[in-house]
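Visitor: One predicted model, sequence on top.
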Amino acid sequence: MTLTAPVPTRAAGRPGTPPRRPVRPLRALLHVFLGLVALGWLLPLALAVYASLRPYDETARLGYFSLPEHLTLDYYGRAWSQAELPRYYLNTLIIVVPALVVTLFMASFTAFAIARLRVPGRRALLIVFTAGNLLPPQVLITPLYTVYAMVPLPAWLSDSQSLYDSYLGLILVHVAFQFGFCVFVMANFMRTIPEEIDEAALVDGAGVWKRYWRLTLPLCRPVLAALSTLQFTWMYNDFLWALVLMSSGDKLPVTSALNNLRGQFFTDYNLLAAGSVLVALPTLIVFQLLHKQFVAGLTLGATKG
Amino acid sequence: MAVRTRRYSARDVTVLVIGLGVAIVVNVGLIWGPTLASVGLSGTDWNGIGPLRWVGGRNYADLAGAYPPFWSAVRNNLLWLGFLGLVATPFGLLCAVLLDRRLRLSRLYQSALYLPVVLSLAVVGFIAQLVYSSDYGVLNAVTGLSVDWLGDRSINIWVVMVAAGWRHVGYVMIIYLAGLKAVDPALKEAAAIDGASEAQTFFRVVFPTLRPVNVIVLVITVIEALRAFDIVYAINRGRNGLELLSVLVTENIVGEASRIGFGSAIAVILLAISIGFIVTYLSQLFREE
């Protein structure tokens, strides 16, 4: 499954509908197996939704695997207002939106320079950037934490007055960490754009910026869509960076804030289930709506473009 | 494939220097610089304040000899890798092979399998607690057992790996499915004409052509196994049988005792393991260029 310019193939596109065939026993077995697997895969999620709809005293008495006596949306209300989820969603947006825009902008320009121009050392650059994305975050988190605590920021930019515990710090780390992957994917894509397009622009005397912004970027729409979908999900799902680089509970993004729904001594798992469902919802919606982009993004990075 | 013979104007050069310069500064400053700093700090006993003092290999000796969670974490990381590599990944491949044919409902099966891929591993950790909870969890209710799946340190790592595998299978399946679609159908037809069974066709003809995809899946599996963190942290902060190297690094900086030097030594061990696989991956990716 690859995206190639300038006519992008639709990822996972399937020509027509399969012709009807007579039912064969092997095929039936296949359907039974895949059906069971699919069901088993959906079960934990269904359970989380189910648990979130039942009052605590009922599940405490009967367990999660029981018929409901009452169903209530109460936990969603509590997770929403009491746990202040809207604030955490907002924090996530404050972090993810700029991080996404900056990552794609920086990565697309870098990919353009690497793939379309004869920049010296471009291959080494691409290798270093790609490798950086593959490191486990823990390899670099200790010095990063230390440096973040030492870098002062003006109060209007961060009320902690340092890069540590600031939105900017999290945005920066997302940009730096996801940049390599995006460069790799986009450089592969841009190589497939025919050279003649550039040559025509050169005859017209277009400069580097114009060729990047006006010529190449518009052709990259499919890959930008795929990467935005994937990166949104990844940045949204981040748990570690915020855990280590943030200290104020009220600035946490929503995925990390979920941890707050656990009590110190007692955890109401039904509330946690409701919280989990609410946190998972945006990614599930994105997945449903932009399913093709998501898969294209994943496979673009994994298989050679 | 760059366009040949061209001069850049002064403005072009400025744009390039600024554009690439910012990218390099961000990458070196936030990724490679800190990585090298980890290596340097791992030879000190720094606690975050106070002066830096060089202690040579003492942190590593302490890790191996006087820090019990370390070996338990190494064991768990290896188990994790083994489970993802030998159970979850082959299962993902199996699903991809089964789905790579014209099946009605194929889309539905696929969606179900990769639904967990979009979830945060932290959310997976919370959902796992609903299934495994000893008092009202589903697993005990269905089986009639009363096992403390997450509290018993001899079994909790296994059930958590199953939860992690739940997500990994979908990931692997997507990648293999894309790889399988790229296999020339003529190959399969030729094998069928020669009288090969479906299993033979797969193992002798299709699987060998998937070599690049296999390398990529292998590396993704290794990286995922080394990065595993969120799920155990969401369950019990990675204690009591759920120790992982990544958790130990984090605990040594966000925990009460800020042992920067010691934590860095664990990070360096993670780095040493991952770098070998990263090099393999990159040489696969950049081979034909």
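Guide: Good, I have the coordinates.
Visitor: Show me what the strand or helix carrying B:A61 is packed up against.
Guide: Secondary structure assignment for B:A61, by DSSP states H and E: helix B:58-66. Helix B:58-66 sits against helix B:68-83, helix B:260-285, with contacts defined as 3 or more Cβ pairs under 8 Å, 6 or more residues apart in numbering or on different chains; DSSP states H and E. For the C-beta atoms, the positions are set from N, CA and C on the backbone; glycine is no exception.
Visitor: Leaving out chain neighbours, which residue sits closest to B:Y233?
Guide: Nearest residue to B:Y233 in three dimensions, chain neighbours excluded: B:V247, at 6.3 Å (Cβ to Cβ, 6 or more residues apart in numbering or on different chains).
Visitor: let me fix that: B:V219
Guide: With sequence-adjacent residues excluded and distances taken as Cβ to Cβ, 6+ apart, B:V219 is closest to B:Y281, at 4.0 Å.
Visitor: The one you found and A:L134 touch, don't they?
Guide: Yes: between B:Y281 and A:L134 a contact is recorded at 6.7 Å, counting by Cβ atoms under 8 Å.
Visitor: overlap in contacts of these two?
Guide: Common neighbours of B:Y281 and A:L134 (criterion: Cβ atoms under 8 Å, 6 or more residues apart in numbering or on different chains): B:V219.
Visitor: Now do the same contact list for B:A128.
Guide: A:44, B:150, B:159-160, B:163, B:231, B:235.
Visitor: out of these, who's nearest A:L243?
Guide: Distance to A:L243, by Cβ to Cβ, is smallest for B:I231 among these, at 13.2 Å.
Visitor: tilt between the helix or strand containing B:S246 and helix B:260-285?
Guide: When elements are assigned from DSSP H and E, B:S246 belongs to helix B:245-254. Note on geometry: by axes from the mean of the first three to the mean of the last three Cα atoms, to 10 degrees, helix B:245-254 and helix B:260-285 are set 140 degrees apart in direction.
Visitor: can you list contacts of helix B:245-254?
Guide: Under the criterion Cβ under 8 Å, 6+ apart, residues A:136-138, A:141-142, A:145, A:240, A:243-244, B:48, B:69-70, B:73-74, B:77, B:226-229, B:232-233, B:237-238, B:258-260, B:262-263, B:266-267, B:269-270 lie in contact with helix B:245-254.
Visitor: before we move on, what about stretch B:214-229?
Guide: Counting by Cβ under 8 Å, 6+ apart, A:134, A:136-138, A:239-240, A:302-303, B:77, B:80-81, B:84-85, B:88-89, B:93, B:121, B:164, B:168, B:171-172, B:175-176, B:207, B:238, B:244-247, B:250, B:270, B:273-274, B:277-278, B:280-281, B:284-285 sit against stretch B:214-229.
Visitor: What's the ChimeraX syntax to select whichever of those are buried?
Guide: Those of the contacts of stretch B:214-229 that count as buried under 16 or more other Cβ atoms under 10 Å in any protein chain shown are selected in ChimeraX with:
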select /A:134,136,137,138,239,240,302,303 /B:77,80,81,84,85,88,89,93,121,164,168,171,172,175,176,207,238,244,245,246,247,250,270,273,274,277,278,281,284,285
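Visitor: Report the central residue of chain B.
Guide: B:E224 (0.7 Å; Cα atoms, centre = their mean).
Visitor: Give me the pLDDT value at that one.
Guide: At B:E224, the model reports a pLDDT of 88.
Visitor: just to confirm, which helix or strand has it in it?
Guide: For B:E224, the element it lies in under DSSP H and E is helix B:211-227.
Visitor: average model confidence for the helix or strand following that helix?
Guide: Once the chain leaves helix B:211-227, the next helix or strand it forms, by DSSP H and E, is helix B:230-236. Regarding helix B:230-236, the rounded mean pLDDT is 89.
Visitor: Could you name the helices and strands sitting against helix B:230-236?
Guide: Using 3+ Cβ pairs under 8 Å, 6+ apart: helix B:230-236 touches helix B:121-132, helix B:156-181, helix B:245-254.
Visitor: Now with 10 Å, please.
Guide: For helix B:230-236, the packing partners by 3 or more Cβ pairs under 10 Å, 6 or more residues apart in numbering or on different chains; DSSP states H and E come out as helix A:240-245, helix A:254-257, helix B:121-132, helix B:156-181, helix B:245-254.
Visitor: Is the fourth one positioned near chain A?
Guide: Yes: shown here: helix B:156-181 in contact with chain A (Cβ under 10 Å from any Cβ of the partner chain) through B:163, B:166-167, B:169-172, B:174-181.
Visitor: with those residues in mind, which one is nearest to chain A?
Guide: B:A178 (3.8 Å; Cβ to the nearest Cβ).
Visitor: Just give me the neighbour total for the closest one.
Guide: By other Cβ atoms under 10 Å in any protein chain shown, 23 other residues sit near B:A178.
Visitor: and A:R211, what is it in contact with?
Guide: A:112, A:116-117, A:197-198, A:201-202, A:204, A:217, B:3, B:12 (Cβ atoms under 10 Å, 6 or more residues apart in numbering or on different chains).
Visitor: and what of B:F91?
Guide: A:37, B:113, B:165, B:168-169, B:172-173.
Visitor: what about 6 Å?
Guide: B:F91 makes contact with B:V169, according to Cβ atoms under 6 Å, 6 or more residues apart in numbering or on different chains.
Visitor: Send over whichever strand or helix holds it as PDB, restricted to the C-alpha atoms.
Guide: Per DSSP H and E: B:F91 is located in helix B:89-99. In PDB, the C-alpha atoms belonging to helix B:89-99 read as follows (Å, rounded to 0.1, in the frame of the first residue of the first chain):
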ATOM      1  CA  THR B  89       3.500 -11.100  15.700                       C
ATOM      2  CA  PRO B  90       2.900 -14.600  14.200                       C
ATOM      3  CA  PHE B  91      -0.800 -14.200  15.100                       C
ATOM      4  CA  GLY B  92      -0.900 -10.900  13.400                       C
ATOM      5  CA  LEU B  93       0.700 -12.500  10.300                       C
ATOM      6  CA  LEU B  94      -1.800 -15.300  10.400                       C
ATOM      7  CA  CYS B  95      -4.700 -12.800  10.500                       C
ATOM      8  CA  ALA B  96      -3.200 -10.800   7.600                       C
ATOM      9  CA  VAL B  97      -2.800 -14.000   5.500                       C
ATOM     10  CA  LEU B  98      -6.400 -15.100   6.200                       C
ATOM     11  CA  LEU B  99      -7.800 -11.600   5.500                       C
END
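Visitor: orientation of the strand or helix carrying A:A226 relative to helix B:121-132 in degrees?
Guide: Following DSSP H and E, one finds A:A226 within helix A:221-237. Interaxial angle, helix A:221-237 versus helix B:121-132 (the same axes, to 10 degrees): 60 degrees.
Visitor: and helix A:221-237, is it in reach of chain B?
Guide: Yes: judged by Cβ under 6 Å from any Cβ of the partner chain, helix A:221-237 comes into contact with chain B through A:233, A:237.
Visitor: Which residues belonging to that helix are considered buried?
Guide: Buried residues in helix A:221-237 (16+ other Cβ under 10 Å): A:222-237.
Visitor: How many neighbouring residues does the residue nearest to A:D238 when sequence neighbours are not counted have?
Guide: Counting by Cβ to Cβ, 6+ apart, A:D238 lies nearest to A:T255, which is 6.4 Å off, once chain neighbours are set aside. Residue neighbour count, defined by other Cβ under 10 Å, stands at 28 for A:T255.
Visitor: Close to chain B: what parts of the stretch 101-250 of chain A are there?
Guide: A:106, A:109-110, A:113, A:117-118, A:127, A:131-132, A:134, A:136, A:138-140, A:142-145, A:176, A:191, A:195, A:198, A:207-209, A:233, A:237, A:239-240, A:244.
Visitor: List the residues that contact B:A164.
Guide: Listed by Cβ under 6 Å, 6+ apart, the contact partners of B:A164 are B:I231.
Visitor: Pretty sure B:R153 sits against B:N240.
Guide: Yes: between B:R153 and B:N240 a contact is recorded at 5.3 Å, counting by Cβ atoms under 6 Å.
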